[in-house]
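Asks: Next comes the sequence, and after it the predicted model I'd like to discuss.
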Amino acid sequence: MDWEPIRPFELNGEVPGSSELESLRIVWAFYQKLYGPNVTASLQTRFNREWSIETGQIEGAYDLDRGVTETLLDQGFKESLISRQPNGKSAEQVASILRDQVEAVKGLFEFVKTESLTTSYIKQLHQQLMRSEPTYTVYTADRIPINKPLEKGKYKTEANNPYRPDGEKHEYCPAEHTAAEMDRLLAIYNEQISLPVEIQAAWLHHAFTQIHPFQDGNGRVARALASLVLIKSGLFPFVVFREQRDRYISCLEAADHGDLTGWIEFFRRSQRNAILSASEWLTNIQENRSGSADTVSDILSSIKSDLIQSGALPREEWSETPKRVEHLLVDFAKRRLEAVKAAAQNDFKDFAKFEVHELTLSESYNHKIASDRGVALFITKEMSNIAQIGFYAHLPLRFRGLAVLYSRYTDANSQSERYGETFLVNWVEGVSETDQRFILWIENHLKAGLQRWREELPWLN
């Protein structure tokens with residue numbers, strides 16, 4: 001792919017709304033106030049470590065399995081917890097890289113309080129992230145690896161164009177144009193600050209990678225810059241987990257060809273996952289509280305506060321979420337499935353029968369039963385269920401105002417299940433905005449479910 005100078009974000013019609021992320025920002029600010037600085041600081045420490053581990057993991061800087069990752073998240077970056085790496089790096093080297101990266105993401109939180117983004121800061125960020133990486137690897141035309149010294153905080157002086165698996169060369173900005181393109185990057189970024197935050201972050205990340213200004217470490221810097229934009233708006237750092245690497249790259253490649261739809265959605269999804277992760281962590285945390293109360297009223301007030309923080313007693317505001325879930329399941333999901341049933345009944349009457357049912361899925365959590373409510377379209381043939389497309393809502397036992405809706409496809413022959421991308425409901429976002437998001441979500445998952453059913457039909461395969 002040939003290099004082209006970076007361009008501003010181009011509007012194809014109306015800018016996609018960001019009401020969901022704005023509502024999640026308010027939810028997170030609410031949690032921070034509710035739980036206080038000590039608890040949220042502990043959570044932020046874990047998130048920073050997570051960002052540090054994953055940003056190097058997807059680049060191949062090291063290879064840490066899930067068990068080691070969880071231990072490092074809990075205990076910090078100790079050499080004794082890390083084994084020597086397949087690429088030859090010692091435990092000490094890996095620990096140093098992890099510490100450099102966590103210091104970089106911690107620095108973002110301080111930077112956004114008072115500073116504006118400059119090329120000098122981007123160079124400093126590269127220096128911090130790559131401090132413990134003395135060399136980088138380049139490949140000759142014959143695919144022979146060669147190690148070269150890495151100059152930290154300095155723009156590239158030679159081409160850094162990679163080759164795709166199919167042999168095609170991907171061209172980044174030529175070295176002689178790098179400084180000018182980086183100046184343009186910040187000029188365009190500053191002109192686009194009125195755009196929704198996820199579009200700002202997605203554009204900055206993508207445009208930066210098109211330039212690829214440093215000889216190595218560009219991916220880590222790009223994710224740090226995207227994180228900076230999100231943090232500045234009160235959201236979470238941009239984490240790309242190792243399991244998401246293929247999707248991350250495919251969305252970036254689509255953006256290279258002008259389609260940023262999936263790329264922007266990738267950013268939204270990362271923030272949904274982050275707020276859910278934060279809520280789950282707050283559910284499990286055990287705080288040591290001390291102090292005494294002088295009156296019965298004080299004691300009751302203290303008990304109420306503890307119950308709310310543990311999730312055992314919902315806040316009054318949170319009662320709005322179950323109402324919205326009921327509305328989405330009954331007024332949208334059920335009606336849409338009934339419409340599909342009505343449309344299909346005549347066309348398929350000699351082949352299959354279509355029915356819509358409300359139902360529950362029950363699972364056991366710590367000896368307690370949690371039931372997920374849902375509505376599903378049953379496709380039956382000769383009294384046997386051959387397919388089921390359902391939409392379900394999960395409200396955690398320790399409820400904090402967030403509910404998750406998910407889709408599920410079940411094939412009766414193989415008992416296989418497919419879970420689509422989840423839909424997050426909160427009490428802050430406006431009802432109409434939630435409805436609009438849900439209509440698009442349910443339509444996409446309904447199409448995916450029906451297509452999956454088609455693929456399973458033996459008569460068509």
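Replies: That came through fine.

Asks: avg pLDDT for stretch 440-450?
Replies: When pLDDT is averaged along stretch 440-450, the result is 92.

Asks: What lies in contact with that stretch?
Replies: Stretch 440-450 has contacts (C-beta atoms under 8 Å, 6 or more residues apart in numbering) with 332-333, 336-337, 340, 389, 391, 405, 407, 409, 418, 420-421, 423. (Each C-beta comes from the backbone N, C-alpha and C, glycine too.)

Asks: Swap in 7 Å and give it another go.
Replies: 332-333, 336, 389, 391, 407, 409, 420, 423 (C-beta atoms under 7 Å, 6 or more residues apart in numbering).

Asks: now that stretch, how far from the chain's geometric center?
Replies: 21 Å (C-alpha atoms, centre = their mean, to the nearest Å).

Asks: Name the residues of that stretch that are buried.
Replies: 441-442, 445-446, 448-450 (16 or more other C-beta atoms under 10 Å).

Asks: give me the number of residues near Gly258?
Replies: 9 (other C-beta atoms under 10 Å).

Asks: what's the distance between it and His357?
Replies: Look at Gly258 and His357: by C-beta to C-beta, to the nearest Å, they are 43 Å apart.

Asks: thinking again about what came up before, what is the nearest of the buried residues of stretch 440-450 to Trp28?
Replies: Trp441 (21.7 Å; C-beta to C-beta).

Asks: That closest one looks like it's in a helix, true?
Replies: Yes - per DSSP: H, G, I helix; E, B strand; the rest coil, Trp441 lies within a helix segment.

Asks: what's the distance between it and Arg268?
Replies: On the measure of C-beta to C-beta, Trp441 and Arg268 end up 12 Å apart.

Asks: Quick check: pLDDT value at the nearest residue to Met130 once chain neighbours are set aside.
Replies: Setting aside the residues directly before and after it, Met130 is nearest to Gly217 in space (C-beta to C-beta, 6 or more residues apart in numbering), at 4.4 Å. With respect to pLDDT, Gly217 has a value of 96.

Asks: which ones are touching Gly217?
Replies: 126, 129-130, 133 are the contacts of Gly217 under C-beta under 7 Å, 6+ apart.

Asks: Do you know the pLDDT at the residue positioned nearest the centre of the chain?
Replies: The geometric centre of the chain, computed from its C-alpha atoms, lies nearest to Ser270 (C-alpha atoms, centre = their mean), at 1.4 Å. Confidence at Ser270, expressed as pLDDT, is 95.

Asks: Can you classify the closest residue to it other than its chain neighbours as helix, strand or coil?
Replies: Excluding its sequence neighbours, the residue lying closest to Ser270 (C-beta to C-beta, 6+ apart) is Phe238, at 5.8 Å. Three-state assignment for Phe238 (three-state DSSP): coil.

Asks: how near is Phe238 to Phe111?
Replies: Distance from Phe238 to Phe111, by C-beta to C-beta: 15 Å.

Asks: The two: which is more packed in?
Replies: Phe238 (27 against 17).

Asks: Could you check how far that one is from Asn273?
Replies: 11 Å.

Asks: can you check Ala95 too?
Replies: Relative to Asn273, and taking C-beta to C-beta, Ala95 is found at 27 Å.

Asks: which of those two has more neighbours?
Replies: Ala95 (21 against 16).

Asks: What strand or helix carries the more buried one?
Replies: If you go by DSSP states H and E, Ala95 is part of helix 91-114.

Asks: show me the contacts for Ala403.
Replies: Per C-beta under 7 Å, 6+ apart, neighbours of Ala403: 321, 325, 393-395, 425.

Asks: give me phi/psi at it?
Replies: Recorded main-chain torsions at Ala403 are phi -130, psi 150, according to degrees, to the nearest 10.

Asks: Quick one: mean pLDDT over stretch 355-375.
Replies: Per-residue scores along stretch 355-375 average to 71.

Asks: One more: stretch 162-182?
Replies: 88.

Asks: what does that stretch contact?
Replies: Against stretch 162-182 from outside (C-beta under 7 Å, 6+ apart): 1-3, 5-6, 119, 155-161, 210-213.

Asks: If any of the residues you listed are buried, give me the PyMOL selection for them.
Replies: Buried residues among those (16+ other C-beta under 10 Å), as a PyMOL selection:
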select buried, resi 3+6+155+156+160+210+211+212+213
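
Asks: List the ones among the contacts of stretch 162-182 that fall in helices.
Replies: Counted as lying in helices by DSSP state H, out of the contacts of stretch 162-182, are 119, 210-211.

Asks: Return the closest of those with respect to Glu103.
Replies: Thr119 (20.5 Å).

Asks: Model confidence score at that closest one, please.
Replies: Confidence score, pLDDT, at Thr119: 97.

Asks: How about it: what's its closest non-neighbour residue?
Replies: That would be Met182: by C-beta to C-beta, 6+ apart, it lies 5.1 Å from Thr119.
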